[in-house]
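S.K.: structure for the following, please:
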Amino acid sequence: MDGNGRWAQHRGLGRTHGHMAARAALEAVVDGALEERIEWLTLFAFSTENWSRPEEEVSFLVNFLAQHVIERGAQGMRERGVRLRLLGGEDPRIPAEVTGRLRKAEELTRDNSTLQLSLAFNYGGRQDLCETARSLAAQSVPAAEVTPETFVRHMQLPELPDVDLLLRTGGEHRLSNFLLWHCAYAELVFLDTLWPDFRTTHFRHALELYHQRQRRFGSLAPTDAVDAAAQAAVAGQALPPGLSTLPGPSALRGLPAAIASHLGASLWGGLKETALFTLQQLAAESTRPGCPDRPA
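M.R.: From the prediction side, this is the model:
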């Protein structure tokens, strides 16, 4: 959600005007998530580092977000099945009225399940990890029992899943202390679009880029595994672990659309290369001395 200040400055306005204009972008990304049936969406609204900004801007941003964005939009979220989840630490600098507005909206949408909208407010990834470590220590969890699974259970929002797609606007190419644990295998998409200009078309574009990625998680991609199996079968070798036979038509029809599309493109490219190679070989043989005539 970057670019509010620059958006305003490009128009000769104060930075606060950029924050006000960003409300439309927030509504657009929620609309896009609902249309695309996204289950979890996390918005980085205010970081622990943002306290270093001018006091006037911080005060405006905190109050505007709570009153004009969250509180006024809470009823609409409730009607559309959006559940608001707050993610971030407490801080005495946050006015009690602001905290009250946010908690009220969170409670109002508690029973919704269509879209889980986590709002990272006064959030920092490193702080999140430190708080989790403190929780483990406070409950005297033995070191041998600290695993990724137990670690997650002690985080502020244990049910928050790993990030699939991290989208950042404003032309910045960095994580900026955002969900460091959850972004271990996130696909990163960076757009030059300033946040107040962000609309559902930009969101869909980011999803298209995401679906073009091959997510391996350290292993082989499905097409790589098929290639390995085919080569092993030709060579008479044992198949790679996890592949007892080559997948049949029914298995291929069950592949996700993005994988099936990539597999189809790869197969089509292979067929074209094979046909070109065959034509070249036939042409070369026909020019050899003593080559018998072939039937037309």
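S.K.: tell me how far stretch 110-120 is from the chain's mean position?
M.R.: Taking the mean of its C-alpha atoms, stretch 110-120 sits 16 Å from the chain's own mean (C-alpha atoms, centre = their mean, to the nearest Å).
S.K.: same question, stretch 161-179
M.R.: Put simply, stretch 161-179 sits 8 Å off its chain's centre (C-alpha atoms, centre = their mean).
S.K.: please enumerate residues in contact with it?
M.R.: Stretch 161-179 has contacts (C-beta atoms under 8 Å, 6 or more residues apart in numbering) with 1-3, 6, 40, 42, 44, 47-49, 120, 123-126, 128, 182-195, 198, 202-203, 206-207, 210. Yep, even glycine has a C-beta here, placed from its N, CA and C like the rest.
S.K.: helix, strand, or coil at the residue nearest to residue 4 when sequence neighbours are not counted?
M.R.: Among residues not flanking residue 4 along the chain, residue 18 sits closest, at 3.4 Å (C-beta to C-beta, 6 or more residues apart in numbering). Following DSSP: H, G, I helix; E, B strand; the rest coil, residue 18 is assigned to helix.
S.K.: and residue 18, how many neighbours does it have?
M.R.: The burial metric for residue 18, expressed as a neighbour count using other C-beta atoms under 10 Å, is 23.
S.K.: same question for residue 36.
M.R.: Neighbours of residue 36 using other C-beta under 10 Å come to 12.
S.K.: tell me how far the residue nearest to the spatial centre of the chain lies from residue 45.
M.R.: Of all residues in the chain, the one closest to the mean position by C-alpha atoms, centre = their mean is residue 165, 1.3 Å from it. According to C-beta to C-beta, to the nearest Å, residue 165 and residue 45 sit 18 Å apart.
S.K.: so residue 83 belongs to a strand, correct?
M.R.: Yes. The assignment for residue 83, made by three-state DSSP, places it in a strand.
S.K.: show me the contacts for it.
M.R.: Counted by C-beta under 8 Å, 6+ apart, residue 83 has contacts 77, 109-117.
S.K.: which of the residues you listed are buried?
M.R.: Buried members of the contacts of residue 83, scored by 16 or more other C-beta atoms under 10 Å, are 77, 109, 112, 115-117.
S.K.: secondary structure and distance to residue 214 added to the residues you listed, as CSV?
M.R.: Listed next are these as CSV, based on DSSP: H, G, I helix; E, B strand; the rest coil; distance: C-beta to C-beta, whole Å:
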residue, secondary structure, distance to residue 214
77, helix, 35
109, coil, 36
112, coil, 34
115, strand, 27
116, strand, 27
117, strand, 29
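S.K.: alpha carbons of the helix or strand containing residue 79, as CSV, please.
M.R.: Applying DSSP states H and E as the criterion places residue 79 in helix 72-80. Extracted in CSV, the C-alpha atoms of helix 72-80 (Å, rounded to 0.1, in the frame of the first residue of the first chain):
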residue,chain,number,x,y,z
ARG,A,72,-17.7,3.4,8.2
GLY,A,73,-17.0,0.3,6.2
ALA,A,74,-17.7,-2.2,8.9
GLN,A,75,-21.4,-2.7,8.1
GLY,A,76,-20.6,-3.2,4.5
MET,A,77,-18.0,-5.8,5.4
ARG,A,78,-20.5,-7.6,7.6
GLU,A,79,-23.1,-7.7,4.8
ARG,A,80,-20.5,-9.1,2.3
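S.K.: next, the buried residues of it.
M.R.: Buried residues in helix 72-80, defined by neighbour count with 16+ other C-beta under 10 Å: 73-74, 77-78.
S.K.: which residues touch it?
M.R.: Outside helix 72-80, the residues that reach it (C-beta under 8 Å, 6+ apart) are 27, 30, 34, 83-84, 104-105, 108-109, 112, 114-115, 117.
S.K.: and what of stretch 56-71?
M.R.: Under C-beta under 8 Å, 6+ apart, the answer for stretch 56-71 is 15-16, 19-20, 23, 26, 45-46, 50-51, 53, 84, 94-95, 97-98, 101-102, 104-105, 119, 121.
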